[in-house]
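Q: Give the three-dimensional model of this entry:
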Amino acid sequence: MNPQYSEIRKRRRSLASSFKPVTHVIFDMDGTLLDTEKIHKKTYSKIVKEYGKVITDELRMKMLGRQELDSATMMVNVLQLDITPEEFLEKAHAIEAIEMKNVQFMHGVETLLEHLHTNGIPMAIATSSSEISFRMKTDHLKDKFSVFNHVVTGASDPEVKNGKPAPDIFQICASRFPGSPRNNKCLVFEDSPNGVTAARAAGMQVVMVPDLFLPEELTANATLVLDSMDDFEPELFSLPPYFEIVC
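A: Alright, predicted model coming up:
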């Protein structure tokens, strides 16, 4: 046996022993599926600059993963902007309406989605975005998004009473799969600390692909941390592997 393959197998067995088998997968959208965070950063920075303010990394970290209105409220209050959160969002949507039409998937996402879909793994989306915002970001990718069983838009779904870091959105998302699998059978993909906290509170394992600006300590609560979706090995969670190593 090739020594390199032997080491790969040993590492996989070691990691897999730490994780529990899953049957369903739930994805966050912004910064996890779609490369939208840099657009949000640019938009929000442009708006607050009109009021002579700057968004710090600390504030950005607190906003990541939260519902749109929650994030807008946080910016307005922390930066003491002379604007309402609703007006802030209206400005943001107007600016992003054009740029979001060209947003693309994060690295490795399309390959993973195709693989899981081909192997019959049920998938869904739990996003803090509103229904309007979700459509704005995904209308040009409808065919790609057809692989998902359902989408929960936290900012506009009446059943989601509390946004991330509360577990509501993930609990509701799991319950809408056919057969309503137990929460611990769902694997979540997230990029934000708030999202990870929410998924763990819902009793789910979480694969985190964090933004590079996040300090390492804010990734500690994740089940597994990756640099890119390209690095994900499905078999670690008893999902069908991409390929079998031939000896």
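Q: From Ser156, how far off is Gln104?
A: 24 Å (Cβ to Cβ, to the nearest Å). C-beta: built from backbone N, CA, C; applies to glycine.
Q: Between those two, which is the more surrounded one?
A: Ser156 (16 against 13; other Cβ atoms under 10 Å).
Q: ok, and the more buried one, which helix or strand is that part of?
A: Assigning secondary structure by DSSP states H and E places Ser156 outside every helix and strand.
Q: swap in Ala124?
A: With DSSP H and E as criterion, Ala124 is part of strand 123-127.
Q: Show me how far that strand is from its chain's centre.
A: 8 Å (Cα atoms, centre = their mean, to the nearest Å).
Q: Tell me the helices and strands packed up against it.
A: When contacts are defined as 3 or more Cβ pairs under 8 Å, 6 or more residues apart in numbering; DSSP states H and E, strand 123-127 sits against strand 24-27, helix 109-118, strand 150-153, helix 168-175.
Q: Kindly reformat the ones you listed as CSV containing mean pLDDT and mean neighbour count.
A: Shown next, in CSV, are the helices and strands packed on strand 123-127 (pLDDT from 0 to 100; neighbours: other Cβ atoms under 10 Å):
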stretch, mean pLDDT, mean neighbour count
strand 24-27, 98, 25
helix 109-118, 97, 17
strand 150-153, 98, 20
helix 168-175, 98, 23
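Q: can you list the ones you listed in a markdown table and add distance to Glu131?
A: Shown next, in a markdown table, are the helices and strands packed on strand 123-127 (distance: least, Cβ to Cβ, whole Å):
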| stretch | distance to Glu131 |
| --- | --- |
| strand 24-27 | 17 |
| helix 109-118 | 21 |
| strand 150-153 | 5 |
| helix 168-175 | 14 |
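Q: Of all these, which one is nearest Thr43?
A: strand 150-153 (19.0 Å; Cβ to Cβ).
Q: Which parts of the chain are strands?
A: Here the chain has its strands, by DSSP state E, at 24-27, 123-127, 150-153, 186-190, 205-208, 224-225.
Q: Determine which of those approaches Leu113 most closely.
A: strand 123-127 (7.2 Å).
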